[in-house]
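Asker: Using only what follows, build the 3D model:
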Amino acid sequence: MTAPTLDHRASGYSLRHAYCLAQACALAYKDPATIEEKANAWGFDRVRHHETHFTPPFPLQDTQAYTLASDHMIITAFRGTEPHQIKDWLTDGTAPPCSGPAGTGRVHQGFAEALKSIYPDVKDTLAEWRTHDQSVWFTGHSLGGALAMLAGAHLYLDEPRLAADGVYTFGQPRTCDATLAAAYNKGFKDRMYRFVNNNDIVPQLPPEPFYTHVDALRYIDSRGKVHTSMPVVGGLLDRARGFTADPLAPAGDGVRDHFMDSYLKVLEKNAG
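Answerer: The predicted structure follows:
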C-alpha cells in the first residue's frame, strides 16, 4: 500500500478503507523501525508504540499496539498472535469471564488483562494527539481484533469524547457476552465491521453460548467475495467448499484462512 492509497479523510465504510486498515494490522507484526518508516510513507507525522511484557502463568508473552496520527486521522492498530497460540488459549476453559467496560456485561479475562496493560497509554495518546478533530480508527487482527473491539467499548462507555469513529477487525475471536455486545451494537451501529475469512477458526472461539460476537459481520466466502451476512444454509455449503479446496490438507483450512496475508489478498481484490 502506497501513501496515496490511504485516504486520511476517509469516513464510514468502504472496502478500500478496510484494505488500508488491514495493512495497518499487518504492520503491527513488524518491528518499530519498520512501523515508523511505513507510517512516514503513509503520511503520518507521529508514531507511538504501546507494549507490555507479561510473566507466567499469563498465556501471552506481551501485548503490542501502535498509534499513528496526522492532522486528519489517527489509527491505533493492535497486534495479534500466532494462530496455534490463540487457539490453545481460547480453548482453555480455565479463564473465567470478568466485568466489562463500565461494568457492562462480561468479557474474556485474558482479553481484558491484555488490554488493561496498554489501554491507559492508548487513551492518553488519543487525548494528547486528537487536537484537530481527527477521525479515530481502531483495528486489529486475531487477538488484536478483540483488543480493538474492547478499546472501542471502553472509550464509548467511559470516555465518550474520545469515542472512535470506526472499528475494523479481522479474524476476531468471540470477546464478550450478549449484554456488552448489545451495548456495543447500539453505540457502534454503522461504525463496527468484523471481517471473517471463510473457515477461519479463531472467530469460532471461545465457544458459545456464553461468549458471542458483536454485529456488523463482513463474511468473505471461499471465492473471495465479501458479504454483509452469512446465510445459514449457503454459509455451511460455502464453508464445506473451503474445506475441500485443498484435498491434501482440509483440516488446515481454518488456520490458513486466519493468516493476515489471507485477509490482505482477498481485500486487495475487493478494494477496487
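Asker: Excluding sequence neighbours, find me the nearest residue to residue 71.
Answerer: residue 132 (4.9 Å; C-beta to C-beta, 6 or more residues apart in numbering). Backbone N, C-alpha and C define where each C-beta goes, glycine included.
Asker: can you check residue 81 too?
Answerer: residue 143 (4.7 Å).
Asker: correct me, but that neighbour touches residue 64?
Answerer: No. Using C-beta atoms under 8 Å as the test, residue 143 is too far from residue 64 to be in contact (10.2 Å).
Asker: who has more neighbours, the two?
Answerer: Neighbours of residue 143 and residue 64, each counted by other C-beta atoms under 10 Å, are more numerous for residue 143; the result is 28 against 23.
Asker: So that one versus residue 169, what's the distance?
Answerer: 10 Å (C-beta to C-beta, to the nearest Å).
Asker: still on that earlier bit, give me the pLDDT for the residue nearest to residue 81.
Answerer: What the model reports for residue 143 is a pLDDT of 92.
Asker: any idea where the helices of the stretch 51-200 of the chain begin and end?
Answerer: For the stretch 51-200 of the chain, the helices defined by DSSP state H, counting those that start in this stretch occupy 83-90, 109-116, 119-129, 143-158, 178-187.
Asker: sorry, back to before: between residue 143 and residue 64, which contacts overlap?
Answerer: 78, 79 (C-beta atoms under 8 Å, 6 or more residues apart in numbering).
Asker: And the strands in the stretch 101-250 of the chain?
Answerer: Listed in chain order, the strands of the stretch 101-250 of the chain (DSSP state E, counting those that start in this stretch) span residues 106-108, 135-141, 166-170, 192-197, 217-220, 226-227.
Asker: now these as CSV including mean neighbour count?
Answerer: CSV is the format used below for these (neighbours: other C-beta atoms under 10 Å):
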stretch, mean neighbour count
strand 106-108, 23
strand 135-141, 26
strand 166-170, 30
strand 192-197, 25
strand 217-220, 21
strand 226-227, 16
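Asker: Turn the ones you listed into TSV, including distance to residue 264.
Answerer: Below are the strands of the stretch 101-250 of the chain laid out as TSV (distance: least, C-beta to C-beta, whole Å):
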stretch	distance to residue 264
strand 106-108	26
strand 135-141	10
strand 166-170	9
strand 192-197	10
strand 217-220	11
strand 226-227	13
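Asker: quick one, which of the ones you listed is nearest to residue 69?
Answerer: Closest approach to residue 69 among the strands of the stretch 101-250 of the chain is made by strand 135-141 (9.4 Å; C-beta to C-beta).
Asker: so what strands line up beside that closest one?
Answerer: strand 73-78 (parallel), strand 166-170 (parallel) (DSSP bridges).
Asker: so that strand versus helix 119-129, what angle?
Answerer: 150 degrees (axes from the mean of the first three to the mean of the last three C-alpha atoms, to 10 degrees).
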